[in-house]
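Chemist: sequence plus predicted model, see below.
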Amino acid sequence: MAFGKIYLFPSLLSPCAPAEVLPQRNIALISSVTYFVVEELRTARRFLKACDRNINIDGLHFEVLNEHTQPKAVEAMLQPALEGHDIGVISEAGCPAVADPGADLVALAQRKGIEVVPLVGPSSILLALMASGFNGQSFAFIGYLPIEAAKRAAALKAMERDIKTRRQTQIFIETPYRNNRLVADLASALPGDMLLCVAADITAPSQSIITKPLSDWKKSTYDYAKRPAIFLLYNR
């Protein structure tokens, strides 16, 4: 029996019609899959219904893969593919397996010789980098910065060093309610001529992607509280 495939379905970054940001092929494929591995069940069910209102959600099989999932459970999630069924992987937002627990399932599928099919869709990391004006040939995604003051200061110094010595764009995120504090911390701790890009509400009507020196951010008025945002640092 041939193995099923693992389809990596990008999801929405913000509330909008799927057809505005996803190819028609994705929407057609997603309607043909009955086994899904998802990061958050409620979000995934809502996304599937947005893609095709005729999908019978109750007839689908879901497994939840998040940061709390045990390795043994991940292996069991591949069983439908071993039995010939396709599996769709859906992240909480954006592209599965990129800064996402779905990477664990993909790694295991590769080891077992199961075909993995990445599909086109919005990635906040790449969309922010595209619009920032920063180095797109050398960049690093750091994820969340440490919360503890000393560790955060060390992380900022490390990013500053990599920007200066490696000419590498640094990309990172924060919990939305701490976004404003992060911008203020960056403006206080790093050189004023360093460039910060804040990309908020990507793909939404309220999308805002602004690049300017930290010295300008320090005296600017802004409010990114409760808005999903991604941050990029660079210096020319």
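Modeler: Happy to help now that I have it.

Chemist: state the distance from the residue nearest the centre of the chain to Lys219.
Modeler: Among the residues of the chain, the one closest to the centroid is Gly94, at 4.8 Å (Cα atoms, centre = their mean). Applying Cβ to Cβ, to the nearest Å, the value for Gly94 to Lys219 is 32 Å. In this view, the C-beta of every residue, glycine as well, is placed from N, C-alpha and C.

Chemist: tell me which element Asp150 falls in.
Modeler: Let me fix one detail, which is that residue 150 is Ala and not Asp. helix 149-166 (DSSP states H and E).

Chemist: quick one: whichever helix or strand comes after that helix to helix 149-166, angle?
Modeler: Next in sequence after helix 149-166, counting helices and strands by DSSP H and E, comes strand 169-173. Going by axes from the mean of the first three to the mean of the last three Cα atoms, to 10 degrees, strand 169-173 is angled at 150 degrees with respect to helix 149-166.

Chemist: so what touches strand 169-173?
Modeler: 125, 128-129, 132, 134-136, 138-145, 159, 162-163, 229-234 (Cβ atoms under 8 Å, 6 or more residues apart in numbering).

Chemist: stretch 6-21: which residues count as buried?
Modeler: Within stretch 6-21, the residues that qualify as buried by neighbour count (16 or more other Cβ atoms under 10 Å) are Ile6, Tyr7, Leu8, Phe9, Pro10, Ser11, Leu12, Leu13, Ser14, Pro18, Val21.

Chemist: what is the strand or helix carrying Asp216 packed up against?
Modeler: Element membership of Asp216 [criterion: DSSP H and E] is helix 214-218. On a contact count with 3 or more Cβ pairs under 8 Å, 6 or more residues apart in numbering; DSSP states H and E, helix 214-218 meets helix 179-189, strand 195-200.

Chemist: most packed of those?
Modeler: Among these, the stretch with the highest mean neighbour count (mean count of other Cβ atoms under 10 Å) is strand 195-200, at a mean of 22.

Chemist: tell me where the protein has strands.
Modeler: Taking DSSP state E as the test, the strands found in the chain are 6-9, 35-38, 61-64, 87-90, 116-118, 139-144, 169-173, 195-200, 208-213, 229-234.

Chemist: ok, the first one: who's next to it in the sheet?
Modeler: For strand 6-9, the pairing partners within the sheet under DSSP bridges are strand 87-90 (parallel), strand 116-118 (parallel).

Chemist: tally of neighbours for His61?
Modeler: His61 has 12 neighbours, counted by other Cβ atoms under 10 Å.

Chemist: show me the contacts for the nearest residue to it once chain neighbours are set aside.
Modeler: Leaving out its chain neighbours, the residue that sits closest to His61 by Cβ to Cβ, 6 or more residues apart in numbering is Tyr35, at 4.8 Å. Tyr35 makes contacts with Gly4, Leu60, His61, Glu63, Pro80, Ala81, His85, Asp86, Ile87, Gly88, as judged by Cβ under 8 Å, 6+ apart.

Chemist: and these, which is closest to Arg152?
Modeler: Glu63 (35.1 Å; Cβ to Cβ).

Chemist: so the closest one makes contact with Val38?
Modeler: Yes - applying Cβ atoms under 8 Å as the test, Glu63 and Val38 come out as touching, 7.4 Å apart.
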